[in-house]
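Participant: Pasting a predicted model and its sequence here:
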Amino acid sequence: MHYRILIVEDDEELGKQIVGHFREAGFDPTWFKNGDAALMVRPQDFDLIVLDLMLPGAYGMDVLKHVRQEADVPVLVLSARNETTDKVRALELGADDYMTKPFWPEELLARVQARLRRPVLTRSGVIEVGSLAIDTVGRQVSIGDETVELTRVEFDLLTALAKRPGAAISRTWLVDNVLDPEREGGTRTLDVHISRLRKKLGDVGRTIATVWGVGYRLEPQST
Amino acid sequence: MTLRLRLALTLLIAAIPLYFAVSWFRADIERRRVEARIEGWVVDQMTLWGGIAACADGPESWGGNLSPERRGPRRETLRTGRRSPRRGAAALFPDSELLPRSQKRPPLAASLIWAYDKTFVSRNSRAPAFPDELRRRLEQGIDVASQSGEHPRAARTTESNDGPSKPPATSTNEWLEFGMRLHTREEACAYVLFAGAPRWPKDQLWWMPLVAPAAMLVIVLLAAGPMVGRIRQLTGQVGESAATHYETQVTVGGRDEIAGLAHAFNRAGTQVRAHLEDVEARERTLRDFIANTTHDVMIPLTVLQGHLSDLRKKAGTGESVNVRTIASSLNEAHYIGSILQNLSAAAKLENTDLQIRQDRVDLNALVERSVERHRPLASARGIGIDYSVPEQVVEVLGDVTLIEQAVSNVIHNAVRYNKEQGNIAVLLEANGRPGAAQSGFRLKVIDDGPGIDAAERERLFERRFRGSAARTREPGGLGLGLYIARDVCERHNFGLSLNESEFGGLEVEFSSG
């Protein structure tokens, strides 16, 4: 996946660092040092834009406007000014996310990856996460070609996790929204159901991670 | 221009047209008076002294020049008949004994007189033609008509007959002609024309119209005196007050506008002083704050420099580099960053008049950002950090920077004071059932670190970040970060509570609704 990423950053060192990190992560970065140059590009040629708000030449906000007029490409705004006005304005102008300096390169990378993450493939009530396929209408779960038999609660738990792969779902939410409050309740029951579910799913079961202090998460798998 | 000068000038400008108007009015009245007097004089002469009779006696020779100033040969020109030649002459030359004292001086300086019959034709061949304008007016029925005429002296060249009709010389060129109806049955003497240079009484009261403006000027200047004095006094006191930074008050008393001005100045001075004190207090606070913060930043910076120089030394000699040293360096760098971030939040919160922005803040994204921001630091120390947010976005109204700073500070503390291989979880929950209208949130930061005992927790909130005790870096001295978190919560009407978590560490909960 060679995502093309446009970086608009005037600081020499920081720009170099960001470009280096993106290369290492397997992206295809293009780096502009000033806003005027950024106004010349076709934003739709990129999968994501990292934009510094304090730029020589055209002000970052102008670049943002230009990008938004041209395309829907995600824009992540960088700013050294930790000012609410800037953030609110950037978001109003269509920025998808922002980060204030100083930041860790890993942090930037994580945020970029989160933005690029493909949405869950759902077609007519079928949720697919890796080899796992959940038919929410027919209430059928299959891994590859194999159908897995699940109880009602197990199916609902798996569906709840699979709807938001990669996101941790809290125990409280699962207990309140998935478990039947009349018959069973409490986090202990939940943990038992999860452990049964994991067993039934075999290898795929290991992708249901326990998140400390939170609950559970279905890790997204690259196909 | 001073106040007095301005007043005087204004009065002067107003007085000049007034003076001319009054003067003209006076002159006009005087002129009418003189004219009336001349008429009266002539009529008196004609009747009292038998002028009409003389005319009737010899209209062919009656008339001629009269010159009261030049008694002499010319008097004979008025010899008017046989009956009483002297009397006739005397009739037109007032005798001093017979006239009232005020009329001793005849009102006409040099004059002539002629008689005309009903058709305005004189029997005396030397008489000039009756002036048309006067004739017209007399025919309309008026008894006496007058007009300014041309002084015959100026018209002398046109008059070849250098006879007695030549009028006597006068000092001015002014010439008045009077036509008068004589109520007599004498055909030849129905009208008389007399003319002369009027002798205006010398206007000895020319200064009269000046009196009123002059008096007004004096009165105004006198009245302005105390006022000007008070204004000068006020000016002086204002200057003194300003010199003492408005410590002393202005003491001009009274109940007039100047006293009002003095009061207004005192009120303004009080405000300025309050503002000055406020600014000075802020400046002091800011100075202390900067001094303390510089101190706070210097410590991690020193540690960082130490680590870096150690690393360079080891790298130079090829020694193996301790990962812990690098992790610690990162930690210090991150700490410096967080202090600086808090500085701007603190500066904002220090402003007591601060109006909290009311933007819609996406708490899901905020939690994600805050956790991701600390993940590298946590990973470096082997601390697990994770979060969970509801599927639906939780929104609150507020200032995104301040709320993020508050949440970040709590997470930062959790990372910083946790043990290695510890865990941190951040949980965001919306109040109420899913689908229902959101009425608030709960945001928990849970760790399994050493925690803080109950007694210490209570005291944490009492601390102010200005106190140096609150600024220590050791566990428990959560100081600035926590103080800001609390302040932000207060300003957003969020609850903030510290409890022991179910894992033995600390559980910090932000809540609303």
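Facilitator: Thanks, I have the structure now. Numbering: from 1, shown residues only, chains lettered A, B, ... in the order given.
Participant: For chain A, give the residue positioned nearest to chain B.
Facilitator: residue A:213 (2.6 Å; CB to the nearest CB). No exception for glycine: its C-beta is placed from N, CA and C like everyone else's.
Participant: Count the neighbours of that residue for me.
Facilitator: The local packing of residue A:213 (other CB atoms under 10 Å in any protein chain shown) involves 27 other residues.
Participant: which ones are touching it?
Facilitator: B:386, B:423, B:424, B:425, B:427, B:446, B:447, B:448, B:501, B:503 (CB atoms under 8 Å, 6 or more residues apart in numbering or on different chains).
Participant: how about 10 Å then?
Facilitator: Each residue near residue A:213 by CB atoms under 10 Å, 6 or more residues apart in numbering or on different chains is listed here: A:168, A:170-171, B:384-388, B:423-427, B:444-448, B:501-503, B:505, B:507.
Participant: Tell me which of these fall in strands.
Facilitator: A:170, B:384-388, B:423-427, B:444-447, B:507 (DSSP state E).
Participant: circling back to that earlier point, now that we have the contacts of residue A:213, which of them are buried?
Facilitator: A:168, A:170-171, B:384-388, B:423-427, B:444-448, B:501, B:503, B:505, B:507 (16 or more other CB atoms under 10 Å in any protein chain shown).
Participant: So residue B:130, which state does it fall into?
Facilitator: Assigned with DSSP: H, G, I helix; E, B strand; the rest coil, residue B:130 falls in the coil class.
Participant: how about the strands of chain A, start to end?
Facilitator: For chain A, applying DSSP E gives strands covering A:4-8, A:28-32, A:48-52, A:75-79, A:97-100, A:121-123, A:126-129, A:132-135, A:140-143, A:146-148, A:169-170, A:208-211, A:215-218.
Participant: For whatever residue of the stretch 401-513 of chain B ends up closest to chain A, which non-adjacent residue is spatially closest?
Facilitator: Nearest to chain A in the stretch 401-513 of chain B, going by CB to the nearest CB, is residue B:425, at a distance of 2.6 Å. In this structure, residue B:425 finds its nearest non-sequential neighbour in residue A:213, 2.6 Å apart by CB to CB, 6 or more residues apart in numbering or on different chains.
Participant: Same check on residue B:130?
Facilitator: Nearest non-adjacent residue to residue B:130 (CB to CB, 6+ apart): residue B:120, at 4.1 Å.
Participant: Looks to me like that neighbour is in a helix.
Facilitator: No: Residue B:120 is assigned coil when assessed by three-state DSSP, not a helix.
Participant: Look up phi and psi at it.
Facilitator: phi 60, psi 30 (degrees, to the nearest 10).
Participant: ditto for residue B:112
Facilitator: According to degrees, to the nearest 10, residue B:112 has phi -140, psi 160.
Participant: I'd assumed residue B:193 was in contact with it.
Facilitator: Yes: taking CB atoms under 10 Å as the definition, residue B:112 is a contact partner of residue B:193 at 8.4 Å.
Participant: shared neighbours of those two, anything?
Facilitator: Residues within reach of residue B:112 and of residue B:193 at once, by CB under 10 Å, 6+ apart, are B:63, B:127, B:128, B:177.
Participant: For the residue nearest to residue B:130, which residues are in contact?
Facilitator: B:129, B:130, B:131, B:132, B:134, B:135, B:138, B:139, B:179, B:190, B:191, B:193.
Participant: Mean confidence (pLDDT) on the helix or strand hosting residue B:295, please.
Facilitator: Under the criterion of DSSP states H and E, residue B:295 resides in helix B:257-317. Summarised as a single mean, pLDDT over helix B:257-317 is 84.
Participant: Check stretch A:188-195 too.
Facilitator: In this model, stretch A:188-195 has a mean pLDDT of 91.
Participant: still on that earlier bit, tell me the most buried of the strands of chain A?
Facilitator: Ranked by mean neighbour count, those are led by strand A:48-52 with a mean of 25 (mean count of other CB atoms under 10 Å in any protein chain shown).
Participant: Okay, angle between it and strand A:28-32 too, please.
Facilitator: 30 degrees (axes from the mean of the first three to the mean of the last three CA atoms, to 10 degrees).
Participant: List the pairing partners of strand A:48-52 within its sheet, with orientation.
Facilitator: Here strand A:48-52 is paired, per DSSP bridges, with strand A:4-8 (parallel), strand A:75-79 (parallel).
Participant: can you list the domains in chain A?
Facilitator: A:4-116, A:121-218 (automatic domain parsing).
Participant: what's across from residue B:447 in the sheet?
Facilitator: residue B:424.
Participant: quick one, what contacts residue B:266?
Facilitator: Taking CB under 10 Å, 6+ apart as the test, what residue B:266 contacts is B:237, B:238, B:241, B:246, B:248, B:249, B:250, B:251, B:252.
Participant: So in chain A, where's the weakest helix or strand by average pLDDT?
Facilitator: Sorted by mean pLDDT, DSSP states H and E, the helices and strands of chain A end with strand A:121-123, the least confident at a mean of 59.
Participant: do stretch A:101-118 and chain B meet at all?
Facilitator: Yes: applying CB under 10 Å from any CB of the partner chain, one finds stretch A:101-118 in contact with chain B at A:101, A:102, A:103, A:104, A:105, A:106, A:107, A:108, A:109, A:110, A:111, A:114.
Participant: the helices in the chain, which residues?
Facilitator: I went with chain A, as the question did not name one. Secondary structure of chain A by DSSP state H: the helices cover A:12-24, A:35-38, A:60-70, A:84-92, A:105-116, A:152-163, A:171-177, A:187-201.
Participant: actually it's chain B I care about, not the one you picked
Facilitator: Under DSSP H, chain B gives helices at B:3-48, B:51-57, B:85-92, B:132-139, B:208-243, B:257-317, B:323-350, B:363-380, B:400-416, B:454-460, B:479-492.
Participant: Now the ones you listed in a markdown table, please, with extra columns for distance to residue A:74.
Facilitator: Converted to a markdown table, those look like this (distance: least, CB to CB, whole Å):
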| stretch | distance to residue A:74 |
| --- | --- |
| helix B:3-48 | 73 |
| helix B:51-57 | 128 |
| helix B:85-92 | 126 |
| helix B:132-139 | 108 |
| helix B:208-243 | 60 |
| helix B:257-317 | 35 |
| helix B:323-350 | 25 |
| helix B:363-380 | 13 |
| helix B:400-416 | 19 |
| helix B:454-460 | 40 |
| helix B:479-492 | 29 |
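Participant: Find the residue closest to residue A:12 in space, skipping its chain neighbours.
Facilitator: Using CB to CB, 6+ apart, the closest residue to residue A:12 is residue A:33 (7.7 Å).
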